[in-house]
Structures are given as C-alpha cells and as structure tokens.
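Visitor: Quick one: sequence and predicted model below, then my questions.
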Amino acid sequence: MTRSPPNDVFTARIIAIDGPAAAGKGTLARRLAATLGLPYLDTGLLYRAVGRRVLDAGGDPADPATATSAAAALTEADLRRADLRGPHADAAAAKVAAIPGVRAALLGFQRGFGATGAVLDGRDIGTVVFPDAAVKLFVTASLDARAHRRWLELQAKGSEVGLEAVTKDMRARDAMDQARAAAPLHQAADAHLLDTTGLDPDQAFAAALAIARAGLPPG
Ligand code: DC
C-alpha cells in the first residue's frame with residue numbers, strides 16, 4: 001500500500017496527535033478534521049489491520065518476517081474490516097507495532113495520506129511520521145481517568161469486565177507502547193500537552209481547536 005512521499009509545503013497543514021490509549025485522541029482528531037475540512041487517519045487501524053492479517057493466516061504477530069510481509073501486503077480495504085477491535089486484536093496490534101519492519105512498511109502510506117494536509121492520530125506521528133507537522137498535540141489523561149472512560153464504553157456495549165481488569169490491561173499497554181525500542185510513545189519536544197483528565201469532551205475540543213488554529217497557516 002503506497003502513496004506519494006511527503007512534501008514540505010504540505011506539512012504546513014498537518015495536525016499530528018499522539019498520546020496513550022483512551023486519552024480521547026480519536027474523538028478530538030475526528031472533530032478537528034471535520035471542523036477544519038481535513039482528512040482524518042486513525043493510524044492505530046493500520047497496526048490493527050496488520051495484526052488481523054497475521055492472525056487470519058494462523059501466524060504469530062510477534063514474528064518479524066511474518067508481520068512485515070503482512071504490512072507490505074496491506075490494502076485500504078483491510079482498514080474497513082469490522083473485526084479490528086477487541087482484546088485479541090489489541091494484543092496482536094501491540095505486538096506487530098513493536099516490529100521495526102512493520103513500522104517502516106507503513107510509513108509511506110501515512111506520509112502519502114497527509115499529502116494535501118490531514119489530521120493523523122497515533123503514537124509517533126509528531127516524532128517520526130511528520131516531525132515537521134505544523135501542529136503537534138500530545139493528548140493524555142491519568143491512568144485512572146482513561147481506564148474509567150474505557151470501562152464506561154465497554155459497559156455501554158454490554159461487557160461485564162471490571163474496572164480493575166481494564167486498568168490493569170491499560171497499564172500493560174502503556175508500558176508496551178513506552179518501552180518498545182521502535183518508535184516508543186513520547187511527547188515531541190515541540191508538541192502542545194493537552195491533559196484531558198478534568199475536561200469534558202467539549203472543553204478538550206475547544207482547547208485543541210484553539211491550538212490547531214494558532215498553528216495552521218491562514219486560509
Ligand atoms: O490507538 P490504537 O489502540 O488503535 O493502536 C493500536 C496499537 O498500535 C497500539 O498497540 C499502539 C500501536 N500504534 C503505534 O504503535 N503507532 C501508531 N502511530 C498508532 C498505533
């Protein structure tokens with residue numbers, strides 16, 4: 001899955017949003033994209049789709065050769081699959097995301113997606129994918145706040161999983177994202193920190209929109 005390489009002119013209209021799981025990045029990114037008229041890419045879906053392909057083929061998502069071939073063969077249709085979420089998919093995505101060959105194979109697609117300006121969210125958008133993005137946001141919230149939000153979402157879907165288990169799982173995913181050698185999660189030096197712990201979604205969006213408008217070129 002390849003698209004054209006990046007162009008300095010266009011990084012002027014890139015909004016890079018990074019942060020840990022369940023910090024509210026996706027909701028913010030989607031709203032920013034709609035308000036500013038930019039395309040939106042949830043880059044976590046790329047890693048989820050690679051993990052899914054490996055699982056479908058009966059392979060091990062932690063095996064570098066298998067996962068890297070799956071990443072090279074990824075199509076845009078893979079991103080529209082309905083089975084990219086859930087504990088099984090989460091675990092497979094985290095494993096393939098730690099493999100440098102997988103990350104390299106997905107870089108061109110992400111950069112090409114931003115060719116005419118875009119909002120992208122993930123873990124390494126402002127640090128690796130678009131280090132020259134016009135606007136960088138690092139969206140976070142306390143572990144307890146993130147786990148509580150994810151637990152409410154799961155409850156709304158009828159899940160009976162307990163808050164403690166959700167918190168434990170989230171702590172483990174944070175550790176994997178931050179400790180891996182390939183593109184670990186960290187705040188870019190020039191990213192704006194947005195801590196959503198005490199904010200409702202509208203307050204978080206208002207803060208993010210003000211930062212984005214101040215950083216994007218006029219027009
Ligand atoms: O944001 P998410 O939970 O959908 O991400 C799925 C996995 O992919 C998660 O383990 C983090 C990883 N990921 C990444 O390493 N880099 C990105 N740009 C986006 C996601």
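Guide: The structure has been received and is ready for your questions.
Visitor: From now on I want contacts and neighbour counts done on CA atoms only, so please keep to that.
Guide: OK.
Visitor: Leu209 is in contact with Leu32, correct?
Guide: Yes. Leu32 lies in contact with Leu209 (CA atoms under 8 Å); the separation is 6.5 Å.
Visitor: what bits of the protein have low per-residue confidence?
Guide: Along the chain, segments meeting pLDDT under 70 span 1-10, 219.
Visitor: Could you pick out the longest helix of it?
Guide: Taking DSSP state H as the criterion, the chain has its longest helix at helix 163-179.
Visitor: Summarise which helices and strands that helix is packed against.
Guide: Under the contact criterion of 3 or more CA pairs under 8 Å, 6 or more residues apart in numbering; DSSP states H and E, helix 163-179 touches helix 87-97, helix 143-156.
Visitor: got those as CSV, with mean neighbour count columns?
Guide: Compiled in CSV, the helices and strands packed on helix 163-179 are given as follows (neighbours: other CA atoms under 10 Å):
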stretch, mean neighbour count
helix 87-97, 20
helix 143-156, 17
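Visitor: Point out the one among those helices that comes closest to Gln178.
Guide: helix 87-97 (11.2 Å; CA to CA).
Visitor: Please enumerate the strands of the chain.
Guide: Ranges of strands in the chain, per DSSP state E, are 14-18, 40-42, 118-122, 135-140, 192-195.
Visitor: Tabulate these (JSON lines), appending mean neighbour count and distance to the ligand.
Guide: Output for the strands of the chain, formatted as JSON lines (neighbours: other CA atoms under 10 Å; distance: least, CA to the nearest ligand atom, whole Å):
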{"stretch": "strand 14-18", "mean neighbour count": "28", "distance to the ligand": "8"}
{"stretch": "strand 40-42", "mean neighbour count": "20", "distance to the ligand": "7"}
{"stretch": "strand 118-122", "mean neighbour count": "27", "distance to the ligand": "4"}
{"stretch": "strand 135-140", "mean neighbour count": "26", "distance to the ligand": "12"}
{"stretch": "strand 192-195", "mean neighbour count": "17", "distance to the ligand": "17"}
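Visitor: Any buried residues in stretch 56-64, and which?
Guide: By neighbour count on 16 or more other CA atoms under 10 Å, the buried set for stretch 56-64 is 60-62, 64.
Visitor: In helices, which of those residues appear?
Guide: Pro64.
Visitor: Out of the buried residues of stretch 56-64, which two are the most distant from each other?
Guide: Asp60 and Pro64 (8.9 Å).
Visitor: ok, for Arg146, nearest residue in space, not its chain neighbours?
Guide: Distances taken as CA to CA, 6 or more residues apart in numbering place Ala22 nearest to Arg146, at 5.3 Å, with adjacent residues excluded.
Visitor: So between Leu32 and Leu209, which is more surrounded?
Guide: Counted by other CA atoms under 10 Å, Leu32 and Leu209 do not tie: Leu32 has more neighbours, with 23 against 19.
Visitor: quick one: contacts for the more buried one?
Guide: Contacts for Leu32 (CA atoms under 8 Å, 6 or more residues apart in numbering) come out as 119, 205, 208-209.
Visitor: Leaving out sequence neighbours, find the closest residue to the spatially most central residue of the chain.
Guide: For the chain, the residue nearest the mean C-alpha position is Gly122 (2.1 Å; CA atoms, centre = their mean). In space, and not counting its chain neighbours, Gly122 is closest to Asp18: 5.0 Å by CA to CA, 6+ apart.
Visitor: For the one you found, give the beta-bridge partners.
Guide: Gly122, Phe138 (DSSP bridges).
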